[in-house]
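Q: coordinates only, sequence not included:
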Ligand SMILES: O=C(O)c1ccccc1N[C@@H]1O[C@H](COP(=O)(O)O)[C@@H](O)[C@H]1O
C-alpha cells in the first residue's frame with residue numbers, strides 16, 4: 001500500500017492497464033506491446049463481459065505477461081470465488097464500498113483496486129483502504145454501468161492533487177489524449193477500454209500498441 005504515488009517523469013514509467021479483453025487479437029497485442037495489466041470484465045451488462053471460462057481460455061494464451069485484473073461491480077463472494085476457480089487473477093478491481101473492498105481483500109488474499117467516481121475535487125478520496133484507487137469520472141445518471149463509458153474526467157481537478165496512496169487514472173482516455181492526461185494529472189498509471197476499441201468489446205491491436213507507446217513516452221525523462 002506504500003509506493004511513491006505521483007509520476008515525477010524522472011524514472012518511473014507510467015503503468016498501463018488495458019481493460020475489457022474479449023478476444024485473442026486484443027489479448028495478444030497487450031502481451032506483445034508490454035501492457036502492465038489486462039482487465040477481464042465480469043459484469044454482465046457490459047459489452048466487454050466475459051465468462052470465467054472465456055477469460056481462462058484467453059489467459060492461457062501466454063504464461064506470464066501482463067498481470068490479470070478481474071473487474072467486478074458490487075460482486076457477492078460466490079461470483080469472485082467461482083471466477084477464481086476458473087481463472088487465476090492477480091488483482092481484483094472492485095466497484096463497492098470501502099468496507100466491502102477491505103473484506104474482499106481479506107477473504108480472497110489478493111490485492112484489491114477500488115474504483116471511485118469523481119465529479120468535483122470534494123470527491124477525491126483522502127485515503128485508500130486497499131492497494132490502489134482508480135479515479136474515474138462520475139457516470140451520467142442514465143448510464144447502465146459505472147465505467148467503460150468513454151467519458152472523460154476533468155483532468156484539471158487533479159492538477160495539484162498529491163495523494164499519499166497509489167492510484168490510476170481512468171475514463172475516456174485514448175491514443176490522442178493519454179499523453180496530455182498524464183502530463184496534466186501526473187498519474188502514475190492509466191487504464192483504458194473504449195479508447196482502444198474498433199467496436200464495443202472488440203479491441204483494436206494497432207490502437208493498443210499506440211496507446212502504450214504514447215503513455216510510456218509521456219512518462220519518459
Ligand atoms: O469496461 C466496461 O464495460 C466496464 C463496465 C463496468 C465497470 C467498469 C468498466 N470499465 C472500466 O471503466 C474505466 C474506463 O473505461 P473507458 O476507457 O472510459 O471505456 C476503466 O477503468 C475500465 O476498467
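A: Here it is on my side, so go on. None of the values given here were measured: they were computed from a predicted structure.
Q: For residue 201, which non-adjacent residue is closest in space?
A: Nearest residue to residue 201 in three dimensions, chain neighbours excluded: residue 47, at 4.0 Å (Cβ to Cβ, 6 or more residues apart in numbering). The way it works is simple: take the backbone N, C-alpha and C, and place the C-beta from them, glycine included.
Q: what's the distance between the one you found and residue 209?
A: From residue 47 across to residue 209, the span is 22 Å (Cβ to Cβ, to the nearest Å).
Q: likewise residue 215?
A: Going from residue 215 to residue 209 by Cβ to Cβ gives 11 Å.
Q: Also residue 176?
A: Shown here: residue 176 relative to residue 209, a distance of 14 Å by Cβ to Cβ.
Q: And the spatially most central residue of the chain, which helix or strand is it part of?
A: To find the centre residue of the chain, average its C-alpha atoms and take the closest one (Cα atoms, centre = their mean): that gives residue 191, at 4.2 Å. Following DSSP states H and E, the helix or strand that holds residue 191 is strand 189-192.
Q: List of residues touching that strand?
A: Strand 189-192 has contacts (Cβ atoms under 8 Å, 6 or more residues apart in numbering) with 14-19, 36, 39, 134, 167-170, 173-174, 178, 181-182, 211, 215.
Q: Go again with 7 Å.
A: Residues from elsewhere that reach strand 189-192, judged by Cβ atoms under 7 Å, 6 or more residues apart in numbering: 14-19, 134, 168-170, 173-174, 178, 181-182, 211, 215.
Q: Quick one: buried ones out of these?
A: Buried members of those, scored by 16 or more other Cβ atoms under 10 Å, are 14-19, 134, 168-170, 173-174, 178, 181-182, 211, 215.
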